[in-house]
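In: Got a predicted structure plus its sequence, pasted below:
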Amino acid sequence: MSRKEREYQARREEILKAAERVFAQNGFYNSTVAEIAKESEFAIGTLYQFFKNKEELYYTMMIEKFDLLYSTLLTEVGKNKRCLEKLSCLVEVLFSFIEQNVDFFKIFTWELNVLNANMNNKLKDQLIAKHFAYIKLISDVIEEGLRERVLKEGNADDLSSALLGMMNVFSFNWIFNRQQDSLSAKAPIIVNLFLNGATRTG
């Protein structure tokens, strides 16, 4: 890229990072372009050179973050050959990603009403598609475990929802408790509970 293109990308990235912080703190509806401009230390007019409105800025930020999450999970999980290894890797990588992107997870878990809002645009549809691709990735790992017969017979979608729910609750509690300990360290607990349950054995 030319110097001008690099400067453009650098400014765009700074704006998206600032938007992520503002949306995480105030929520979508209570955030303004002026606040994002102030956080990014750019003039309001500069933001409008990159994004036509707050909605476009919000969806672009979320889509690109989801792309990063999905590609990271796909790459790391794909390095493992067996289902149980993939499951462990999936939870570990997700928790590590959340630790590094706390603001994004806050927005994702607390601002789902934005997806339900009356905003019929391509960006919203893209974000929803990214979300379902992420869920399908988890479901694919579960289906592989069912084919390998390392998981009990069941519905892959139901099992995926159960695993996703456990991961979301642990992540939400970690954020709510102000990240006082390591979320990644809890990954083995999730995997063990999902595979073996909480019943005492032996």
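Out: Sure thing, it's come through.
In: Surely residue 37 touches residue 49?
Out: No. Contact criterion C-beta atoms under 8 Å: residue 37 and residue 49 do not qualify, at 11.4 Å. C-betas here are computed from N, CA, C, even on glycine.
In: packing partners for the longest helix anywhere in the chain?
Out: Counting by DSSP state H, the longest helix found in the chain is helix 122-148. Where contact means 3 or more C-beta pairs under 8 Å, 6 or more residues apart in numbering; DSSP states H and E, helix 122-148 is packed against helix 54-77, helix 83-100, helix 113-116, helix 156-176.
In: Tell me which of those is the most buried.
Out: helix 83-100 (a mean of 20; mean count of other C-beta atoms under 10 Å).
In: Residues contacting it, please?
Out: Defining contact as C-beta atoms under 8 Å, 6 or more residues apart in numbering, one finds that helix 83-100 is touched by 69, 72-73, 76-77, 79-80, 105, 137-138, 141, 144-145, 148, 150-151, 163, 167, 170-171, 174, 179, 182-184, 186-188, 190-191, 194-195.
In: Only C-alpha atoms, please: export that helix in PDB.
Out: The C-alpha trace of helix 83-100 is given here as PDB (Å, rounded to 0.1, in the frame of the first residue of the first chain):
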ATOM      1  CA  CYS A  83     -13.000 -33.900  18.100                       C
ATOM      2  CA  LEU A  84     -12.200 -33.700  21.800                       C
ATOM      3  CA  GLU A  85      -9.000 -31.800  21.000                       C
ATOM      4  CA  LYS A  86     -11.000 -29.400  18.800                       C
ATOM      5  CA  LEU A  87     -13.600 -28.900  21.600                       C
ATOM      6  CA  SER A  88     -10.900 -28.000  24.100                       C
ATOM      7  CA  CYS A  89      -9.200 -25.700  21.600                       C
ATOM      8  CA  LEU A  90     -12.400 -24.000  20.700                       C
ATOM      9  CA  VAL A  91     -13.200 -23.000  24.300                       C
ATOM     10  CA  GLU A  92      -9.700 -22.000  25.100                       C
ATOM     11  CA  VAL A  93      -9.300 -19.800  22.000                       C
ATOM     12  CA  LEU A  94     -12.700 -18.200  22.500                       C
ATOM     13  CA  PHE A  95     -12.000 -17.400  26.100                       C
ATOM     14  CA  SER A  96      -8.600 -16.000  25.200                       C
ATOM     15  CA  PHE A  97     -10.200 -13.900  22.500                       C
ATOM     16  CA  ILE A  98     -12.700 -12.500  24.900                       C
ATOM     17  CA  GLU A  99     -10.000 -11.600  27.400                       C
ATOM     18  CA  GLN A 100      -8.300  -9.600  24.600                       C
END
